[in-house]
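Q: got a sequence here, can you model it:
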Amino acid sequence: MAAATPVGRPTSGPRPVLTRRTKEVLYKTLKAIEVGEHPLLIGEAASGKSTIARLVARLYGQPYLPEVVTGRTDRR
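A: Reported below is the predicted structural model:
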């Protein structure tokens, strides 16, 4: 029998580590959204882009739906 998931907690993945840098990027991302901008998270692999996107989705009560954009995304 599986253990019950606490209310309000995601059902998968580890809890994010809120470092000073993560909080700063999260704050700037939320401010950009607040003023109607569409922030684009760019960075090296494992730099926290998905973590920020998951946190923003959670704060807005929305599902996390990743969109991968590469240099070949618009090529046909």
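Q: so who does the residue nearest the centre of the chain touch?
A: The chain has residue 53 as the residue nearest its centroid, 1.3 Å off, counting by Cα atoms, centre = their mean. If a contact means Cβ atoms under 8 Å, 6 or more residues apart in numbering, then residue 53 has 41, 64, 66 as its contacts. Yep, even glycine has a C-beta here, placed from its N, CA and C like the rest.
Q: run a quick neighbour tally on residue 19.
A: Look at residue 19: counted by other Cβ atoms under 10 Å, it has 10 neighbours.
Q: and whichever strand or helix holds residue 30, what other elements does it pack with?
A: Assignment of secondary structure by DSSP states H and E places residue 30 within helix 20-34. When contacts are defined as 3 or more Cβ pairs under 8 Å, 6 or more residues apart in numbering; DSSP states H and E, helix 20-34 sits against helix 49-59.
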